Structure formats: C-alpha cells, structure tokens
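J.: Below are the sequence and a predicted model for it; my questions follow.
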Amino acid sequence: MTNRKPLIAGNWKMNNTVSEAVVLAQEISNGFEKDWAELVDVCVCPPSVDLKAVRGVFLFDHTKVAVGAQNVYFEPKGAFTGEISVDMLVEIGCEYCIIGHSERRELFGETNEGVNLKAKALIAGHVKPIVCVGESLAVRDEGTYLDFVRAQVRAAFAGIGAAEAADAVVAYEPIWAIGTGRTATPEQAEEVCAAIRATLAELFGEEVAEGMRVLYGGSMNEGNAALLLAMPDIDGGLIGGASLKAVSFLDIVKAAL
Ligand code: PEP
C-alpha cells in the first residue's frame, strides 16, 4: 500500500436479521480500538433492511465505521417495485454502495451498462460506489483475464469524469475465489489490481488513479489478509464470509493498520 488510506469493507450479503445485525455491529464496535479509525477506513454493508439499525450502532461510537448498501437502483423514484434509490441510502447515512458484485451479475442479470448507470447515480448523490469486477475461472484459464477486467472497469466508468470518479472504489473479486476458500495469491491479486490502476490512469490521469482505492476480495481472511494488503496496488479488502464474525473481521482490520 502507498499513502492511500486502506479501506476494509464487509459484505454481509443476505445474512443477519435486524437484531442479529445489531449484535454483530455491536461486537465490531466493542472490539474496535480507539486509534484505528485514523489509520484505516472501515465499512460494513448489511442487507438494506438492516442499514438503519446498523448505522445507529456506529453513529455515536468511537469507531467511525461507515455503512454501505449492497445494491441500488439508478432511477430517482417511481414504479420500480422492490428497488431502492440513492436518496433513500443517503437519508439513512450510507457512505458506500457495492455495485456489480458477481453474484448480482450472475444471479440477477446485472450488466456493465447497469453498473455504469448505478455508478453515475451514486456519484451524483455523493455515495461512493464500490465497483466490483473480476473474471470467472474459464476466463482466467483462457488467459484473457486482464483484458476482461480492464473492459469491465472502462464500462463501469464510461462517461464519468476524473473529478467525479476520484472517490469511487474498485474491488477486484475473481469469481473463482469468492466463497470458495481459494484465495488469489498476493501476486495474482496484485497483477490485476495494478492493471486496474493502469486503466484508471488511462481514464482519469495518473494523479487521480494514484489516489483511488483498489480492493481485493475473494476468501480474504485473518490468515491471508496481511500478505494481500502488503501489495502495492491493493488498498484494502472486500470481505464476505470472514466479515460475519467480529473477531475475524477485526483481525483483518488490524492487518490493514
Ligand atoms: C464477496 O462476496 O464480496 C466476497 C469477497 O466473499 P468471500 O470473502 O466470502 O469470498
């Protein structure tokens, strides 16, 4: 890592009812040491129905843990049954929103074009998108993964200017490493994160790209986080399974200090 402040983000996926989410948030708050917030940004992304309660836990404590959503719709309001707008996230106090997660791309038909519309809507609402990109095992085995991921990044940021993009986050999440226990090696993750930064530099210039955070996600845990986070272009982690246990999540936060 360079002088970019690391970001550790927990993706709770479809886990935890409101009461369970509050317990987990409270455990994170209790174990979070005072000076950590100066050194690392931390965010948890619970299911949308839990957001308000989880935000309530972190609002007045010492942690500065932010909350993020796992999805959003790009339209401001209207007849879009089941969807949630940027304004709704803003009023709850969401600072981040994950978009383009591979589970949403695979199971819910999210496209590069949709991710781009969501990125634009979030940036307009001053919510930081965490744009997920990453290749399948088939694409990795074909050897075209760098082109694949670079194309996803270009598509996600199409029509977005450098000033608007500066606060956005990109998460490299190889699909073959998500929830599989098969983590990318630090070298594999660094290769792609560096290619992502090079793509951001083409789009927005060196200076903006150097300031943007690129995360790694895919079976990151307390045992492998330190080596991954030590790589120069990996500025933090997006953590699924290991974010559901406070001790594991806090150990990963510690590894980022
Ligand atoms: C994720 O889904 O964003 C993720 C990284 O999951 P896991 O850590 O469980 O692989």
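T.: Ah, there it is.
J.: At the contact with the ligand, which residues of the stretch 51-200 of the chain appear?
T.: Contacts of the stretch 51-200 of the chain with the ligand, taken as CB under 6 Å from any ligand atom, map to 173, 178, 179. Every C-beta, even on glycine, is put in place using the N, C-alpha and C of the backbone.
J.: mind running it again at 8 Å?
T.: 98, 101, 102, 103, 132, 171, 173, 177, 178, 179, 180 (CB under 8 Å from any ligand atom).
J.: could you dump those to a markdown table with pLDDT and neighbour count?
T.: Formatted as a markdown table, these follow (pLDDT from 0 to 100; neighbours: other CB atoms under 10 Å):
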| residue | pLDDT | neighbour count |
| --- | --- | --- |
| 98 | 98 | 26 |
| 101 | 98 | 28 |
| 102 | 97 | 21 |
| 103 | 97 | 18 |
| 132 | 98 | 28 |
| 171 | 98 | 28 |
| 173 | 97 | 31 |
| 177 | 91 | 22 |
| 178 | 90 | 20 |
| 179 | 82 | 13 |
| 180 | 84 | 13 |
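J.: ok, so of those, who is nearest residue 30?
T.: Nearest to residue 30 among those is residue 98, at 25.2 Å by CB to CB.
J.: so how far is the helix or strand harbouring that closest one off the chain centroid?
T.: Using DSSP states H and E, residue 98 sits in strand 94-99. Centroid separation for strand 94-99 versus its chain: 8 Å, with CA atoms, centre = their mean, to the nearest Å.
J.: Identify each buried residue in it, please.
T.: 94, 95, 96, 97, 98, 99 (16 or more other CB atoms under 10 Å).
J.: what about residue 172, how many residues close to it?
T.: Residues contacting residue 172 under the criterion other CB atoms under 10 Å number 31.
J.: Any idea what it is bridged to?
T.: Beta bridges link residue 172 to residue 133, residue 216, judged by DSSP bridges.
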